[in-house]
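> okay, predicted coordinates and the sequence, questions at the end:
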Amino acid sequence: MSAEFIGLLAAYLAVLLAVAPFLGRYIRAAMENPQSRLTAWGRPLERGIYRLAGIDPQAEMGWQRYALAVLAFNIVGIAAVYALQRLQGVLPLNPAGLGAVAPDSALNTAISFVTNTNWQGYGGESTMSYLTQMLALTVQNFVSAATGIAVLFALVRGLARHCSTTVGNFWADMVRCTLYVLLPLSLVLALALVSQGVIQNFSAYQEVQTLAGQTQTLAMGPVASQESIKLLGTNGGGFFNANSSHPYENPTALANFLEMLAILAIPAALCFSFGEMVGSRRQGIAILAAMTLLFGAFALSAGYFEQQPNPMAAQAGASVSGGNMEGKETRFGIAATSLFATVTTAASCGAVNGMHDSFTAMGGLTPMLLMQLGEVVFGGVGSGLYGMLACAILAVFIAGLMIGRSPEYLGKKIEAHDMKMVSIVILATPLLVLGGTALAVSVAAGQAGVLNPGIHGFSEILYALSSAANNNGSAFAGLSANTPFYNVLLGAAMWFGRFAIIVAVLALAGSLAAKRRLPAGPASMPTTGPLFVTLLIGAVLMVGALTYVPALALGPVAEHLMR
């Protein structure tokens, strides 16, 4: 393990954990305290939005109504994004004269951005007009992130309240999250990225002469504004095909560090928001500790294996030293690329600054397994924490079985209905991943997309389904996925991987909110200490191991052992 990687990882975690408490308190105030002085600057605009949209922010919703609002809002979002792609050829802000996106690709992209996945089967600069990038994709980057945070707050209210029939107001949650959290943070980050060289313009594409005397077309566009929310909202969709390895999206080492920090800033901060809402900051710190320990272990794994020589180069007889630089930008190197890969797949982000397909077999296993754990190691904004809270409930359920006592979490008795909802949250994505992979490798349309036959080709398919169903969006990129078969298959995985879980989480929130809070007794299991953190990590790894080890053994593990 290189000293460079250890130093970068330590600096990253130090800054992240220093920022998280302050941001967490601000998010809680923005979402839960309409009279907070921290949000006084936006209150007139907030009231204006409510009047314009006919929203009564005081009208609370039960979990069923909240879920229907979530689904209706996002179905409308899919229709809007699809229509903008299909009509972009006749709409303004299209200096490159790009035509309509193919129907299957447009549907896949619409589902992708609405579900916070941002899987991209296209090259952004050669497919999407400026208007589509801004009005369709960037807008969904905001509202899909806000949806995840809103659902999380509904669940936390369920844990914090007792004998209640409501979990909040979805429309008010969306407005407050977007206005007070995502917009100001995105503005600050966009300005910081512009200072590092990320472009932000409406210029036509530029024709330039290269040093070799050839003509090259340089794509332009409003990049910084999309880049900032792409990272802060754990979306991941790049303005350019090369994503965050493109110098116009990620030009410098400082920009790269800021982008990594932006990806996990809100997921880490939400742990503190959760702790304050349930009346015990130690509860949030325990969840954050479990996430950080898992993240550190996976980051060290990725850094170690990518520091090893490329086995393919060694097989070819080449003399290799200094680790695996295949598929990595020289301005970042192995350490920053390995850490970025861990960050982006620990969150449900999917932004990449290197080619994951070029990682070593075990180096590539790290981001794949992080996704397969359910995107709970920090995870997406909102979605990561509500997934981890489901794992926490599973952990106390297992502990209750071990000691022969009814399980409780934060004073709420965990009953059969609650565990059914937790089971859906935990098992829905593995069913989609493994079932989708089995289908893809079994039919000719699925096999036709594989560019690297054999074990690595299987890994590419497994990675694609893991990324789609867990709403990550990154790819091994050795799979030709922009086909009707994969657009439909991955679109279905993204939709059900997002909203089947959201409905189950909201049902769990409604059930918990209705329960009476029980006082802690001598037999109550503490959920703030090292024992609980260990049990929580064990529950996360147990579910991942039992579910995915056979598939991983057929893919990256077998590939590693054969070299």
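On my side now, so go ahead. Residues are numbered from 1 along each chain as shown.
> what residue is smack in the middle of the chain?
Central residue of the chain (CA atoms, centre = their mean): Ser348, 1.5 Å from the mean position.
> now it. Nearest residue, chain neighbours left out?
Leaving aside its chain neighbours, Ser348 sits nearest to Gly380 (3.4 Å; criterion: CB to CB, 6 or more residues apart in numbering). Any C-beta I mention is one placed from the backbone N, CA and C, and that applies to glycine too.
> SS state for the residue of the chain positioned farthest from its centre?
Distance from the C-alpha centroid of the chain peaks at Gly213, with 42.0 Å (CA atoms, centre = their mean). State at Gly213, reduced to three classes by DSSP: H, G, I helix; E, B strand; the rest coil: coil.
> which residues touch the closest residue to Gly77 other than its chain neighbours?
Spatial nearest neighbour of Gly77, excluding adjacent residues (CB to CB, 6+ apart): Val114 at 4.5 Å. Neighbour list for Val114: 74, 77-78, 81, 140, 144 [criterion: CB atoms under 8 Å, 6 or more residues apart in numbering].
> can I get stretch 423-433 in CSV, CA atoms only?
The C-alpha trace of stretch 423-433 is given here as CSV (Å, rounded to 0.1, in the frame of the first residue of the first chain):
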residue,chain,number,x,y,z
SER,A,423,-36.9,-7.8,3.8
ILE,A,424,-38.2,-6.1,0.7
VAL,A,425,-35.7,-3.3,1.2
ILE,A,426,-32.8,-5.7,1.5
LEU,A,427,-33.8,-8.4,-1.0
ALA,A,428,-35.4,-6.5,-3.8
THR,A,429,-32.2,-5.4,-5.5
PRO,A,430,-30.4,-8.8,-5.3
LEU,A,431,-33.4,-10.4,-7.0
LEU,A,432,-33.2,-7.8,-9.8
VAL,A,433,-29.4,-8.1,-10.1
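> can you give me the buried ones in it?
Judged by neighbour count using 16 or more other CB atoms under 10 Å, the buried positions of stretch 423-433 are 424-426, 428-433.
> need those residues in JSON lines (columns: distance to Gly544).
What follows is the buried residues of stretch 423-433, written out as JSON lines (distance: CB to CB, whole Å):
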{"residue": "Ile424", "distance to Gly544": "17"}
{"residue": "Val425", "distance to Gly544": "14"}
{"residue": "Ile426", "distance to Gly544": "10"}
{"residue": "Ala428", "distance to Gly544": "14"}
{"residue": "Thr429", "distance to Gly544": "11"}
{"residue": "Pro430", "distance to Gly544": "9"}
{"residue": "Leu431", "distance to Gly544": "14"}
{"residue": "Leu432", "distance to Gly544": "15"}
{"residue": "Val433", "distance to Gly544": "11"}
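> a markdown table please, covering the residues you listed and showing distance to Glu207 and secondary structure.
Shown next, in a markdown table, are those (distance: CB to CB, whole Å; DSSP: H, G, I helix; E, B strand; the rest coil):
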| residue | distance to Glu207 | secondary structure |
| --- | --- | --- |
| Ile424 | 53 | helix |
| Val425 | 51 | helix |
| Ile426 | 53 | helix |
| Ala428 | 49 | helix |
| Thr429 | 45 | helix |
| Pro430 | 49 | helix |
| Leu431 | 50 | helix |
| Leu432 | 45 | helix |
| Val433 | 44 | helix |
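> Asn235: which of these is nearest?
The closest of those to Asn235 turns out to be Thr429 (CB to CB; 18.2 Å).
> before we move on, the earlier item: hang on, isn't the residue nearest to Ser348 packed against Ala347?
Yes - under the criterion of CB atoms under 8 Å, Gly380 makes contact with Ala347 at 5.9 Å.
> quick check: neighbours shared by the two?
Residues within reach of Gly380 and of Ala347 at once, by CB under 8 Å, 6+ apart, are 234, 267.
> contact partners of stretch 274-283?
With CB under 8 Å, 6+ apart as the test, stretch 274-283 has contacts from 24-25, 28, 32, 152-153, 156-157, 159-160, 272, 284-285, 287, 385, 389, 410, 527-528.
> swap that for stretch 356-363, please
Stretch 356-363 is contacted from outside by 301-302, 305-306, 308, 310-311, 324, 326-328, 338, 341, 364, 366-367, 459-460, 463, 474-478, 556-557, 559-560, 563, using CB under 8 Å, 6+ apart.
> out of those residues, which are inside helices?
301-302, 305-306, 311, 338, 341, 364, 366-367, 459-460, 463, 559-560 (DSSP state H).
> residue contacts, the closest residue to Ile461 other than its chain neighbours?
In this structure, Ile461 finds its nearest non-sequential neighbour in Ala440, 4.9 Å apart by CB to CB, 6+ apart. Shown in contact with Ala440 (CB under 8 Å, 6+ apart): 446-447, 449, 461, 464-465, 485-486, 489.
> again, only this time at 10 Å
The neighbours of Ala440, taking CB atoms under 10 Å, 6 or more residues apart in numbering as the test, are 446-447, 449-450, 458, 460-462, 464-465, 479, 481, 485-486, 489-490.
> and the least confident of these?
Minimum pLDDT for the contacts of Ala440 is recorded at Leu479 (86).
> and the gap between Ala297 and Asn94?
Using CB to CB, to the nearest Å, one gets 46 Å for the distance from Ala297 to Asn94.
> same deal with Asn470?
Separation of Asn470 from Asn94 (CB to CB): 33 Å.
> those two: which has the busier surroundings?
Regarding Asn470 and Asn94, a neighbour count based on other CB atoms under 10 Å identifies Asn470 as having more, with 32 against 16.
> the residue nearest to Asn118 when sequence neighbours are not counted: how many residues sit nearby?
With CB to CB, 6+ apart as the criterion, Asn118 has its nearest non-adjacent residue at 3.3 Å, and that residue is Gly237. For Gly237, the neighbour count with other CB under 10 Å is 27.
> my guess is Gly237 contacts Gly123, does it?
No - with contact defined as CB atoms under 10 Å, Gly237 does not count as touching Gly123 (11.8 Å).
> from the ones in helices among the contacts of stretch 356-363, which is closest to Gly42?
Distance ranking of those against Gly42, using CB to CB, places Ala341 first at 36.0 Å.
> what sits against the closest one?
With CB under 10 Å, 6+ apart, Ala341 has these contacts: 298-299, 302-303, 306, 328, 352-356, 359, 363-364, 366-367, 370, 474.
> if we can go back for a sec, part of a strand, is the residue nearest to Asn118?
No - according to three-state DSSP, the state of Gly237 is coil, so it is not within a strand.
> Leu93 against Ala204, yeah?
No - with contact defined as CB under 10 Å, Leu93 does not count as touching Ala204 (11.0 Å).
> what about these two, which has more around it?
Legend: neighbour count by other CB under 10 Å for Leu93 and Ala204, higher for Leu93 (15 against 12).
> need the phi and psi values for that one.
Main-chain dihedrals, Leu93, degrees, to the nearest 10: phi 50, psi 50.
> now it: how far from Arg51?
Counting by CB to CB, the gap from Leu93 to Arg51 is 30 Å.
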